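Colleague: Pasting a predicted model and its sequence here:
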Amino acid sequence: PSGVSRDTLPQDFPAGMRVLVVEDDPNNLEDLTQILERCGYKVTAKASPREALKEVEENGEGFHFDIIMTVVHGGEEGDGFDGFDLLERVRDRYPVIIFSADYSKEMVMRTINEGACDFLPKPMCYQEVRNIWFHVDMQRGLEVDDPDEGVEGASHMFLTDG
């Protein structure tokens, strides 16, 4: 998205963290990828949960991601494989953030009950996307402070549905 500059990040920000991001809308996928990269994340982008699972399975033990972000409903494959199916297959290996335009109480509770580390409503706030590293450190058992502490001028730009 135009107008997004590199944010002022905390000194201990984990630049280079590997993110697998899944979004079926090509414009939103591009926007989300750009924002993650501007935050210093290394991004692998996929257009469907099925493609993301294939990426995880093909790369096996030799390569891994630090975190996965997936849209709930993704892809036009018609095979019924969605973000919850991906979550079920990878949640024991990776922290998973689910995002959706449906942020009803039922959707949020289902997401957490099925093992996601967080739910982000669409449109996502730039600052929320920037702070996904917090979940990786939490899963690894590291002591984590407020991810916004000491950050000046944090942007509140939003990703939209297109």
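Modeller: That came in fine, so what should we check first? Residues are numbered from 1 along each chain as shown.

Colleague: per-residue confidence averaged over the helix or strand where residue 20 lies?
Modeller: Assigned by DSSP states H and E, residue 20 belongs to strand 18-22. Strand 18-22 shows a mean pLDDT of 96.

Colleague: elements contacting it?
Modeller: With contacts taken as 3 or more Cβ pairs under 8 Å, 6 or more residues apart in numbering; DSSP states H and E, strand 18-22 sits against helix 26-38, strand 42-46, helix 49-59, strand 67-71. Backbone N, C-alpha and C define where each C-beta goes, glycine included.

Colleague: mind running it again at 10 Å?
Modeller: On a contact count with 3 or more Cβ pairs under 10 Å, 6 or more residues apart in numbering; DSSP states H and E, strand 18-22 meets helix 26-38, strand 42-46, helix 49-59, strand 67-71, helix 83-90, strand 96-100, helix 133-139.

Colleague: gap between the residue positioned nearest the centre of the chain and residue 37?
Modeller: Centroid-nearest residue in the chain: residue 69, 2.7 Å away (criterion: Cα atoms, centre = their mean). Noted for residue 69: a distance of 13 Å to residue 37, by Cβ to Cβ, to the nearest Å.
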